[in-house]
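Visitor: how would this look folded up:
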Amino acid sequence: LINKSIEHGTSGNGEGRKMAMAAHDLQTKIKQLSLNTRDALNIHDLLTDDLREKVLKMRMLSLSTVLNSLPRLVRDIATSSGKKIDFIVEGAETELDKKVIEKIGDPLLHMVRNCVDHGIESPKDRLKAGKPEKGTVRFSAGYEGGHVLIEVMDDGSGIPLEKIKDKARARKMFADKALNEMSETEITNLIFHPGFSTSPIITDISGRGVGMDVAKECIVEQLKGSIQVESKPD
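Guide: Alright, predicted model coming up:
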């Protein structure tokens, strides 16, 4: 429409030429305003992204904030149970959202405690099995495909599948046929059942059946993560 006005105005009187020039100026100003608006929106997007990134960084905390107490925990349990243990931490600088850090502390504590109390054998038993008398508990963390992968490992005796089956049978959790048909993974996962424990006695450390069920509830249900267990004899 503006172009038509310009063409029509140049063939008419002086008034037409003024209107054409005014229309041309208007078109120029509209173009400039459009460019300015686009630049302003781009700057706004950049500022918004920068602010969002800064807010996210403010909410991030390293795992070291919940790991600081674990070396002492391992040392105290090892001393009270007569065990010798090296506790190795890798990836303590790995960052997670503050809310996740606040929730994951207890599950990690339960896992490390289980490694020390249930996993690692006494120095005497380790020597009999041809192992160094000092056991190892290793904690590692890192990023994997947009997620954080945390591993808690020990070089102890492994998860006693037969003890788990016996305990499940004694508590009448499953019929014998169902237990015998379960895979090793299914039997292992019974440790996540509320109140389940293979410890024959109740102490301040173990036997109460609280721990792994709490860990699963927190990690899977509350934090929408996943948890897996792998075990090999000895």
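
Visitor: alpha carbons only for contacts and neighbour counts from here, please
Guide: Noted.

Visitor: For the residue positioned nearest the centre of the chain, which non-adjacent residue is spatially closest?
Guide: The structure's the chain has its C-alpha centroid closest to Val148; by C-alpha atoms, centre = their mean the separation is 4.5 Å. For Val148, ignoring the flanking residues on the chain, the nearest one in space by C-alpha to C-alpha, 6 or more residues apart in numbering is Gly142 at 5.6 Å.

Visitor: ok, now Ser64?
Guide: Distances taken as C-alpha to C-alpha, 6+ apart place Ala92 nearest to Ser64, at 4.9 Å, with adjacent residues excluded.

Visitor: How many residues are close by that neighbour?
Guide: Neighbour count for Ala92, taken as other C-alpha atoms under 10 Å: 17.

Visitor: what's the answer for Leu33, then?
Guide: For Leu33, the count of nearby residues is 12 (other C-alpha under 10 Å).

Visitor: just use 17 as the starting number from now, easier for me
Guide: Taking 17 as the first residue, the last one we looked at is Leu49.

Visitor: Pretty sure it sits in a strand.
Guide: No - using DSSP: H, G, I helix; E, B strand; the rest coil, the assignment for Leu49 is helix, not a strand.

Visitor: where do the helices sit along this structure?
Guide: 18-26, 30-75, 80-83, 86-97, 114-130, 139-144, 177-186, 192-197, 200-204, 228-232 (DSSP state H).

Visitor: I'd like the ones you listed as JSON lines, with mean pLDDT and distance to Pro249 appended.
Guide: Below are those laid out as JSON lines (pLDDT from 0 to 100; distance: least, C-alpha to C-alpha, whole Å):
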{"stretch": "helix 18-26", "mean pLDDT": "49", "distance to Pro249": "85"}
{"stretch": "helix 30-75", "mean pLDDT": "79", "distance to Pro249": "41"}
{"stretch": "helix 80-83", "mean pLDDT": "90", "distance to Pro249": "28"}
{"stretch": "helix 86-97", "mean pLDDT": "93", "distance to Pro249": "21"}
{"stretch": "helix 114-130", "mean pLDDT": "89", "distance to Pro249": "16"}
{"stretch": "helix 139-144", "mean pLDDT": "95", "distance to Pro249": "13"}
{"stretch": "helix 177-186", "mean pLDDT": "89", "distance to Pro249": "9"}
{"stretch": "helix 192-197", "mean pLDDT": "90", "distance to Pro249": "19"}
{"stretch": "helix 200-204", "mean pLDDT": "92", "distance to Pro249": "12"}
{"stretch": "helix 228-232", "mean pLDDT": "87", "distance to Pro249": "20"}
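
Visitor: Sounds good, over and out.
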